[in-house]
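Trainee: 3D, please:
(one chain, ligands or ions: 1)
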Amino acid sequence: MDSCEVQLADIPEGTAEARHFRLAPADVPSPGPGQVLVRLRRLGLNAGLANRIGGPDTPYGPGIRPGDVPASDAVVEVLDSRSDAFATGELALRKSPWRSIDAADAGELRRIPAELADLPLEAHLSVLGHVGFTAYTGMVRFGAVRAEDTVFVSAAAGGVGSCAVQFAKALGATVIGSAGSVEKLGLLRSLGVDAVFNHHDGAALALLRAAAPEGIDLFYDNVGGAQLEAALEALRFGGRVVICGAASQYGKGSGRRGPANYTRLIYQQLTMRGFDVTSNEDLRPEFESAAARWLRAGTVRSVHTVLDGFDRTPEAFAALLSGGGSGRMIVNCDA
Ligand SMILES: NC(=O)c1ccc[n+]([C@@H]2O[C@H](COP(=O)([O-])OP(=O)(O)OC[C@H]3O[C@@H](n4cnc5c(N)ncnc54)[C@H](OP(=O)(O)O)[C@@H]3O)[C@@H](O)[C@H]2O)c1
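Mentor: Predicted structure coming up:
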């Protein structure tokens, strides 16, 4: 049995590319008492990791330096167990290093509930997983979305965004989504999004005004930059902004910029708040039950792009950052 891992090779100047990572052999550890030996089955990649590469420590983990092995949420299979909590062959979720075979404390693993075990592995990393939980937390808890709201979601065809638009639709809102390609706009329409625009097609404010002539009530932001400024202009009096992420600013270091028109918060009495999903575990049971119900009813679906082969993890991560693929970017480590 062989194991290998993906390490950061160099700190990129700007957006990370596949060449900034390297594949290296790894030892197959012997699990100690209370530990399990696990094999990666599916690895879900997060754009937010880019913010930690060469950067400061964040609530999601320490800054990533050359030689470090990044970690993302994953479906793993137990190969060997020295814990009463897991048996060989069981499937679980884990924030896993990018390593094909690894030892983990049993307490780090969350068993996939038996009633959800028939669903495709990818769904546990999309609608039911970290991105789904992030979307639900931002949209429901911090956005307090209502059926009468017009909601705008940026990077709407991404991992978090594709869940956010579907959850807002499931709760009755009118939804506008932006994305970066014709294919992604088609995907958004197929998800029932009411109006869409490609943020490469012109000035963000003109595009948003055309999609939402009456204005918006809630902006769920994944990218920051020009779309955040446009949303601040388009928000109706008393509107809300939920800052989930700022993908357009990652990798910019001290060149990062906030919205120049933030004084709109005063005149329009807007509220803008950020959130960190990791502080909201109390919401997980409500989220899991809602997401599973919507999934089974066909109200929402898993949106994901799968690349086959653990060795293609750097390529998949670079594609995620450059806008390639829709929904959750997942590496199929079985292939
Ligand atoms: N707050 C939390 O607790 C939390 C938890 C998880 C994730 N997040 C954040 O949520 C956001 C989405 O994460 P994800 O993993 O699902 O990633 P994602 O949306 O699947 O991927 C990022 C997308 O952002 C868009 N983008 C990148 N650069 C851009 C730019 N300069 N201008 C406009 N759009 C740009 C691209 O989409 P297009 O091709 O459509 O332009 C890209 O595909 C990230 O910002 C992440 O950091 C926050």
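
Trainee: please report how far Pro31 lies from Thr88.
Mentor: 11 Å (Cβ to Cβ, to the nearest Å). For every residue, glycine as well, the C-beta is placed using N, CA and C.

Trainee: and Ile176, by the same measure?
Mentor: In terms of Cβ to Cβ, Ile176 sits 48 Å off from Thr88.

Trainee: so those two - more neighbours on which side?
Mentor: Neighbours per residue (other Cβ atoms under 10 Å) separate Ile176 from Thr88, with Ile176 holding more: 27 against 11.

Trainee: what about dumping the CA coordinates of stretch 158-178 to CSV?
Mentor: Extracted C-alpha coordinates of stretch 158-178, given in CSV (Å, rounded to 0.1, in the frame of the first residue of the first chain):
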residue,chain,number,x,y,z
GLY,A,158,-19.5,28.1,-7.5
GLY,A,159,-19.5,25.6,-4.6
VAL,A,160,-21.1,27.9,-2.0
GLY,A,161,-23.0,30.0,-4.5
SER,A,162,-24.8,27.1,-6.2
CYS,A,163,-26.1,26.0,-2.8
ALA,A,164,-26.9,29.6,-1.8
VAL,A,165,-29.1,30.3,-4.8
GLN,A,166,-30.9,26.9,-4.5
PHE,A,167,-31.6,27.4,-0.8
ALA,A,168,-32.9,31.0,-1.4
LYS,A,169,-35.2,29.7,-4.1
ALA,A,170,-36.4,26.8,-1.9
LEU,A,171,-37.3,29.5,0.7
GLY,A,172,-39.3,31.4,-1.9
ALA,A,173,-37.0,34.4,-2.7
THR,A,174,-36.5,35.9,-6.1
VAL,A,175,-32.8,35.2,-6.9
ILE,A,176,-30.3,36.9,-9.2
GLY,A,177,-26.9,35.2,-9.8
SER,A,178,-23.7,36.3,-11.4
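
Trainee: what mean pLDDT does that stretch have?
Mentor: For stretch 158-178, the mean pLDDT works out to 98.

Trainee: could you list the buried residues of that stretch?
Mentor: For stretch 158-178, burial by neighbour count (16 or more other Cβ atoms under 10 Å) applies to 158-171, 173-178.

Trainee: that one and the ligand, are they touching?
Mentor: Yes: contact of stretch 158-178 with the ligand (Cβ under 6 Å from any ligand atom) involves 158-161.

Trainee: which one of those is nearest Thr313?
Mentor: Distance to Thr313 across the residues of stretch 158-178 next to the ligand (Cβ to Cβ) is lowest for Gly159, with 15.3 Å.

Trainee: ok so, going back, save the residues of stretch 158-178 next to the ligand as TSV, and put in distance to Asp276 and secondary structure too.
Mentor: What follows is those, written out as TSV (distance: Cβ to Cβ, whole Å; DSSP: H, G, I helix; E, B strand; the rest coil):
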residue	distance to Asp276	secondary structure
Gly158	18	strand
Gly159	17	helix
Val160	13	helix
Gly161	18	helix
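
Trainee: SS state for the closest residue to Leu128 other than its chain neighbours?
Mentor: With sequence-adjacent residues excluded and distances taken as Cβ to Cβ, 6 or more residues apart in numbering, Leu128 is closest to Ala291, at 5.3 Å. Here Ala291 is recorded as helix under DSSP: H, G, I helix; E, B strand; the rest coil.

Trainee: is it true that Ala291 touches Val300?
Mentor: Yes: Ala291 lies in contact with Val300 (Cβ atoms under 8 Å); the separation is 7.1 Å.
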